[in-house]
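Colleague: Here is my input; please provide its structure:
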Amino acid sequence: MSHSPNRRPKPSLTPEEYARLKAELKAPYRPLRQFVYFACGASGLIGAFIMVTQLLAGRAGTAALPNLALQIGVVGLMIGLFRLEQRAKK
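Modeller: Here you go, the predicted structure:
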């Protein structure tokens with residue numbers, strides 16, 4: 001007994017597995033993107049902390065303020081992208 005070319009055997013998936021696979025098809029690589037957002041945000045926080053400590057120590061000079069603004073901007077951008085990704089997930 002052979003199957004017709006248009007009919008595929010149905011895989012045995014639970015409804016939860018099917019829903020997870022369907023969500024992954026709508027937004028591939030979502031966990032990877034979220035990890036990148038988290039890692040870049042953490043890097044920005046570390047950089048901002050270092051810039052603040054240099055400002056408090058008085059060793060940074062005039063270059064610290066633009067760098068601090070950049071680090072804070074990176075953190076803000078990553079928080080915004082992560083929240084956007086969370087809203088899209090729902």
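Colleague: State the helix or strand in which the closest residue to Leu13 other than its chain neighbours lies.
Modeller: Sequence neighbours aside, Leu21 is the residue nearest to Leu13 in space, at 7.3 Å (criterion: Cβ to Cβ, 6 or more residues apart in numbering). From N, CA and C alone the C-beta is placed, and that goes for glycine too. Secondary structure from DSSP states H and E places Leu21 in helix 15-26.
Colleague: Could you list the low-pLDDT ranges of the protein?
Modeller: For the chain, the stretches flagged by pLDDT under 70 are 1-11.
Colleague: List the buried residues of the longest helix along it.
Modeller: The longest helix of the chain (DSSP state H) is helix 30-57. Going by neighbour count (16 or more other Cβ atoms under 10 Å), the buried part of helix 30-57 is Tyr37, Cys40, Gly41, Gly44, Gly47, Ala48, Met51, Gln54.
Colleague: picking that back up, and the residue nearest to Leu13, how many residues sit next to it?
Modeller: 11 (other Cβ atoms under 10 Å).
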